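**Student:** The following comprises the amino acid sequence and a computationally predicted model.
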Amino acid sequence: MTFPPSEMNKKTDPETAAPFISDEKLKRVLSPSEVSTDDTASVNISSISGSATSSFFSSNSDSTYNIWSKLIQRRGAWTDDDDDDETLSGSCRNKLHLFWCSVKRELHYLTKVCCKHPHIPAISLMIFAIMVSVGMTVTEKFCESETYKLKNKAEWVAQDTGKWFSDSFSEALIPLFALQQAVMHSEYFTHLFDAIGEYDAQNSAPAILGAKSKTFPDYRNISGICDDEELMTKFGEIVDSINDYIGLNGVVVNYRLAPHSVFCLAHPMVNSDDFPEGGKLSNVGLIGYDAGITPNTFWKNTLQNTYGMPDTVDLFGPFNKSSNGVVLSPQFFCGHLSVPVPGYNVTVANSTYDSWGFVMHFMDWHELVERSDIHNRFECEGLDFSLFKKADDQVQLLAESKNAHLLQKNNSIDVPIYTANGEWINRVGYVHGFRPRWHKPLDLAIVVISLIFTLLLAMCLIERQSHKSLLYKVMPKKAIYKLHRGQTVVERFNLVTIFFSDIVGFTSMAGEMLPNQVMEMLNDLYTELDKVAARNGVYKVETIGDAYMVVGGAPNRCSPSEAARKVALFALETMKLMKTFRTKDGHQIVLRAGLASGPVVAGVVGTDMPRYCFFGNTVNLASRMESTSKKSKVQCSETTYRLLRDAQNYVFDLESRIENGVHGIQVKGKGLQSTWWVNDAQKIEDAAHDVKRSV
């Protein structure tokens, strides 16, 4: 990169920067051995230490020339010493030695040709990089395709099994709806509502303290109402027929009937058959419990949800249930469903609902999962899974495979499942991840094959000596040529013209804009300036914030007057463009610009993100011309003024700058300098131009 004015001021003291020194003066200062007529002489910058000034010459140097003149005069090149092939061949005494000598001669030949034609190894390296990139890209595509397939497979299995989970769960709720309909349409149970009656009402079942009561009598004395043997038998027959028909014996382990919100019937009353030895689910202590008037918050909320949505099962779970120290099931669900018999209503928390009561059942979800082949399904697919539910920032596990604990975000996907119990998450994946295991070995094979192919291609290129150029975009051809050979790029240019511009009021303008708007504005502006630079044949060096820099006469050399003419025409066309250029927001951009001509040193600095840079006092002076210029004006130095006067085919309108009666301006480090405004340029025929000059 080229140092912006602010950075250049840090690296050089303009007070000590000497003015332009002609070639004649240079020859008088330097010794004959130090003078080089080769403008492209380059040096290895790593071997030089000294002043960090960016000026072309320094007046306070202790030696006859400073670091930049040393860089200009010093040369760096490779020398090739030819080996004597006859000596090699003369030592060959047998076939093995002859083969080794042949290999040495071939290697020597290849090295020599590569040194003479550095584009050959460059192209070979480029082909190697392309092959590796393409090969790895193709491998990555296959890998992505395989990963995509595995993810799709995992997602499909997750959705398919998720549907099974959802359907199985919904199927386990069917008995509750069947029991609801049996109660509503039979004549066996409807009388229980009136027999139990309202709490504390006349002729209703009296309130008592029950097995779970504390201080409040939340039980009802239902003796002679719910203990009828025929009624209990009928309820058990209905429940058993429902379970047998749906095939959920051992899964739905208990049913309860609660007319007027009072637990009246349960089947089985005590269930010990469906649980491990010593475990049992007993309803004895629950019969008579009035869930409608109990101060228990759980039952209050449950009944409000149950009666408020009569066609929906209110579910609670999963929860762990134990009895006598024995875990009955790690995953129990209980469902509650309203029985909306016409003409009946119940009261809960001072709210009245159209309902006769509710039915309830217990479902052993763990048993339902164990009965299925869902674990075998995942094992056959090579997948692991974890089914869970998130509730109140807690994760409730519903089912999982053996290695489910190894599933992480990078080797699994989460698929939502919508059930009657809300949203469940089915996490499915491969422990080793979705990326195929052959990816890395295949990458290594691609590198080896690419290397072999590249070596063969390099030998063909050496024999045929074809393909003599590369595409140079980042920096000049000479610079890339030297970089390919491992040399530091440094060049001297005796007389070039440099253009600097910046946006007037950019700081305040940018302060009122969003960062992306600033970037869009600068991008639009510089895109147009790049087109202007291409039309005028000048070299764009750098954009530094809102500053724009071009140079004429480097890296493609031309006469000083031609370089100044190209840069001046570029500057004038830029100012003309600014009159009509508008940002997307409709704002006009105003530039100020400066031109300066003189010697510079150009080269590539650094190995990471290398850039083609310009150094020297001329760069500083061009920056001073810009910073002391005025808006929509182009200011040039005296050297540029003289070059523009001698420009062919153009007449430039050059106006001397006079401030307060003084010709010129004060330039930091230079003192009073004569400068001119470049106002316009007119193209004329050669003959007319000669006549005008003679006049």
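**Tutor:** Looks like it came in fine. Numbers count the residues shown, from 1 in each chain.

**Student:** Report the mean confidence score over stretch 461-469.
**Tutor:** Stretch 461-469 shows a mean pLDDT of 53.

**Student:** which helix of the chain spans the most residues?
**Tutor:** Using DSSP state H to define each element, the chain has its longest helix at helix 119-171.

**Student:** ranges for the strands of the stretch 551-695 of the chain?
**Tutor:** 591-605, 611-615, 634-636, 650-656, 658-659, 662-663, 665-667, 671-673, 676-683 (DSSP state E, counting those that start in this stretch).

**Student:** Show me what the longest helix of the chain is packed up against.
**Tutor:** Judged by 3 or more CB pairs under 8 Å, 6 or more residues apart in numbering; DSSP states H and E, the packing partners of helix 119-171 are helix 95-116, helix 374-380, strand 384-391, strand 412-419, strand 422-429, helix 439-464, helix 477-484. (Glycine included, C-beta is placed from N, CA and C.)

**Student:** Okay, buried residues for the fourth one please.
**Tutor:** For strand 412-419, burial by neighbour count (16 or more other CB atoms under 10 Å) applies to 412, 413, 415, 417, 419.

**Student:** okay, the strands of the stretch 551-695 of the chain, which one's buried deepest?
**Tutor:** strand 634-636 (a mean of 28; mean count of other CB atoms under 10 Å).

**Student:** Now that strand: average pLDDT?
**Tutor:** Rounded mean pLDDT across strand 634-636 is 94.

**Student:** wait, isn't residue 560 in contact with residue 554?
**Tutor:** No - using CB atoms under 8 Å as the test, residue 560 is too far from residue 554 to be in contact (11.1 Å).

**Student:** Tell me which of these two has more neighbours.
**Tutor:** Looking at residue 560 and residue 554 with other CB atoms under 10 Å, you find the greater number of neighbours at residue 554, namely 26 against 22.

**Student:** wait, what's in contact with that one?
**Tutor:** Shown in contact with residue 554 (CB atoms under 8 Å, 6 or more residues apart in numbering): 491, 493, 496, 539, 563, 600, 602, 614.

**Student:** what do residue 560 and residue 554 both touch?
**Tutor:** residue 496.

**Student:** Could you point out which of the helices and strands packed on helix 119-171 sits nearest residue 171?
**Tutor:** Nearest to residue 171, of all the helices and strands packed on helix 119-171, is strand 412-419, at 11.3 Å by CB to CB.

**Student:** and that closest one, what's its mean pLDDT?
**Tutor:** Mean predicted confidence for strand 412-419 is 87.

**Student:** Just list what it packs against, helices and strands only.
**Tutor:** helix 119-171, strand 422-429.

**Student:** With mean pLDDT as new columns, can the ones you listed be given to me in TSV?
**Tutor:** Below are the helices and strands packed on strand 412-419 laid out as TSV (pLDDT from 0 to 100):
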stretch	mean pLDDT
helix 119-171	85
strand 422-429	86
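
**Student:** Check these for me and report the most buried one.
**Tutor:** With neighbours defined as mean count of other CB under 10 Å, the helices and strands packed on strand 412-419 peak in mean count at strand 422-429, which reaches a mean of 20.

**Student:** list the helices and strands that strand packs on?
**Tutor:** helix 119-171, strand 384-391, strand 412-419.

**Student:** Residue 549 touches residue 543, doesn't it?
**Tutor:** Yes - if you go by CB under 8 Å, residue 549 and residue 543 touch, sitting 7.5 Å apart.

**Student:** residues contacting residue 196?
**Tutor:** By CB under 8 Å, 6+ apart, residue 196 lies in contact with 204, 205, 220, 222, 225, 259, 260, 262, 264.

**Student:** Can you verify my assumption that the last one contacts residue 228?
**Tutor:** No - counting by CB under 8 Å, residue 264 does not reach residue 228; the two are 10.1 Å apart.

**Student:** Settle it for me: which of these two has more neighbours?
**Tutor:** Applying other CB under 10 Å to residue 264 and residue 228 shows that residue 264 carries more neighbours, namely 27 against 14.

**Student:** that older thread, the helices and strands packed on helix 119-171 into CSV, with extra columns for distance to residue 280?
**Tutor:** CSV is the format used below for these (distance: least, CB to CB, whole Å):
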stretch, distance to residue 280
helix 95-116, 89
helix 374-380, 28
strand 384-391, 28
strand 412-419, 29
strand 422-429, 30
helix 439-464, 56
helix 477-484, 86
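
**Student:** Now do the residue lying closest to residue 680 once chain neighbours are set aside, the pLDDT please.
**Tutor:** What sits nearest to residue 680 in space, not counting adjacent residues and going by CB to CB, 6 or more residues apart in numbering, is residue 653, at 4.1 Å. Looking at residue 653, its pLDDT reads 91.

**Student:** ok, so what distance separates residue 653 from residue 682?
**Tutor:** 8 Å (CB to CB, to the nearest Å).

**Student:** Repeat that for residue 347.
**Tutor:** Taken as CB to CB, the span from residue 347 to residue 682 is 102 Å.

**Student:** now residue 450
**Tutor:** Per CB to CB, residue 450 is found 59 Å from residue 682.

**Student:** what do you get for residue 633?
**Tutor:** 18 Å.

**Student:** Find the residue closest to the residue nearest the centre of the chain in space, skipping its chain neighbours.
**Tutor:** Per CA atoms, centre = their mean, the C-alpha nearest to the average position across the chain is that of residue 410, at 16.3 Å. Of all residues not flanking residue 410 in the chain, residue 433 sits nearest, at 6.4 Å (CB to CB, 6+ apart).
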